[in-house]
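Undergrad: Attaching a predicted model along with its sequence, questions to come.
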Amino acid sequence: MASFATLVKSILNRLSPCDYPVLNSQLFFKIWLTYVLDQGLTSMRALFYRLNHAGITVDMSTFSKANKTRTTSLFEGIYTQLMSQAQKRHRTSSMTLFPIDSTIITLTSKLFWFYKYHQVKLLTGFDLTENIIGKAVISFGERHDLSFQEEILEMISENAVVIMDRGFASWQFLERLSERKCSFVVRIKNNMRMKLNHERYRVVQFFDENQTEFRIATNLKELSDEEVSELYRHRWAIENLWKFLKMHLSLDKLITKSLNGVINQIYMVLIAYLILELVEIPEYFGKKLLDKLRYLQLELSRRCSIVHWSFDWQPELLVT
């Protein structure tokens with residue numbers, strides 16, 4: 001657990017243990033990280049039961065109030081720092097495959113419905129070469145993917161090949177990508193009129209094993225049609241990312257009833273993912289992300305928990 005301890009300690013050392021009367025920034029982070037990572041917990045109430053009986057005095061109402069009133073910049077800053085740390089750790093590739101997509105998370109609380117929010121959309125890119133999540137965009141409501149053009153352009157690095165599905169397909173957006181000299185592989189709708197700039201990009205057509213037709217617009221002139229179709233298949237990597245976050249890190253189980261709280265939880269899920277990506281475990285347990293998570297589950301049940309973090313890693317602090 002040395003790698004995990006070092007990583008979490010470095011985050012905790014940047015957070016204040018006394019910036020709020022009851023729920024300080026350190027404890028706020030510990031509670032969220034434990035909830036996301038420890039799958040042995042049946043509910044947030046079970047986590048507070050554990051805390052209270054270990055001598056850490058905090059209640060759920062205080063936690064709920066903190067989620068409603070505390071700025072989301074705390075977790076956004078941690079996420080940005082971890083993302084930068086992950087990028088420095090990995091080697092720089094000459095070409096990065098960068099699928100971009102969004103996922104929808106349903107809001108079930110009637111408090112959100114009162115404000116006419118039924119869903120939250122998380123949009124991000126995924127560096128497939130290095131397994132690093134890009135900048136996250138969180139939006140409440142039902143905005144179309146194409147309305148995030150400015151945010152998408154900010155995500156794209158110079159050496160990236162952007163891979164996107166039909167939700168991002170428009171000739172105007174492809175023109176903007178071409179003007180910015182961004183390499184792209186984008187599936188277009190079959191009913192889109194074929195008005196394209198042949199000097200800037202071309203359209204590749206192919207069929208999958210189910211005889212479904214795919215039309216792929218790309219400005220990668222040096223690649224063959226077969227290579228372009230193979231690149232597009234890598235788009236499924238971001239779908240696998242959504243599946244992992246929802247199945248294993250509780251992305252689809254939003255427990256707060258405030259907009260701030262929802263943003264905090266989403267960022268904490270992304271932070272937990274980056275921690276898993278950065279942490280090192282014994283080779284015996286495997287090398288995949290799910291192997292790392294299972295290893296942490298074992299350690300969380302044996303000798304590592306939020307109580308351990310508070311009293312063993314930082315014995316000099318009184319967490320109250």
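TA: Now that the structure is in, tell me what you want to look at. Residues are numbered from 1 along each chain as shown.
Undergrad: Could I get the full set of strands for this protein?
TA: 96-106, 119-127, 132-133, 137-140, 160-164, 183-188, 202-207, 213-218 (DSSP state E).
Undergrad: what's the closest of those to Ser250?
TA: Ser250 sits nearest to strand 96-106 of all the strands of the chain, at 10.7 Å, using Cβ to Cβ. All C-beta spots, glycine's among them, are computed from the backbone N, C-alpha and C.
Undergrad: Does anything pack onto that closest one? Which helices or strands?
TA: Contact partners of strand 96-106 among helices and strands, from 3 or more Cβ pairs under 8 Å, 6 or more residues apart in numbering; DSSP states H and E: strand 119-127, helix 149-155, strand 160-164, helix 236-248.
Undergrad: Repeat the analysis, applying 10 Å as the threshold.
TA: strand 119-127, strand 137-140, helix 149-155, strand 160-164, strand 183-188, helix 225-233, helix 236-248, helix 259-278 (3 or more Cβ pairs under 10 Å, 6 or more residues apart in numbering; DSSP states H and E).
Undergrad: Could you figure out how far the fifth one is turned away from strand 202-207?
TA: So that's strand 183-188. Between the axis of strand 183-188 and that of strand 202-207 there is an angle of 50 degrees, by axes from the mean of the first three to the mean of the last three Cα atoms, to 10 degrees.
Undergrad: Distance from strand 183-188 to the middle of the chain?
TA: Remark: strand 183-188 is offset 22 Å from the chain centroid, using Cα atoms, centre = their mean, to the nearest Å.
Undergrad: of all the strands of the chain, which lies closest to Ile11?
TA: Distances from Ile11 to each of the strands of the chain were compared using Cβ to Cβ; the shortest belongs to strand 132-133, at 16.7 Å.
Undergrad: Which stretches in the stretch 1-150 of the chain count as helices?
TA: 2-12, 25-37, 44-53, 60-69, 73-89, 110-114, 149-155 (DSSP state H, counting those that start in this stretch).
Undergrad: looking just at contacts, which helices and strands does the fourth one meet?
TA: Right, helix 60-69. If contacts are counted by 3+ Cβ pairs under 10 Å, 6+ apart, helix 60-69 sits against helix 25-37, helix 44-53, helix 259-278.
Undergrad: Would you mind checking which of those scores lowest on average pLDDT?
TA: Taking each of the helices and strands packed on helix 60-69 in turn, the one with the lowest mean pLDDT is helix 44-53, at a mean of 87.
Undergrad: okay, the helices of the stretch 1-150 of the chain in a markdown table with distance to Gly141 next?
TA: Listed next are the helices of the stretch 1-150 of the chain as a markdown table, based on distance: least, Cβ to Cβ, whole Å:
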| stretch | distance to Gly141 |
| --- | --- |
| helix 2-12 | 31 |
| helix 25-37 | 24 |
| helix 44-53 | 26 |
| helix 60-69 | 20 |
| helix 73-89 | 20 |
| helix 110-114 | 11 |
| helix 149-155 | 15 |
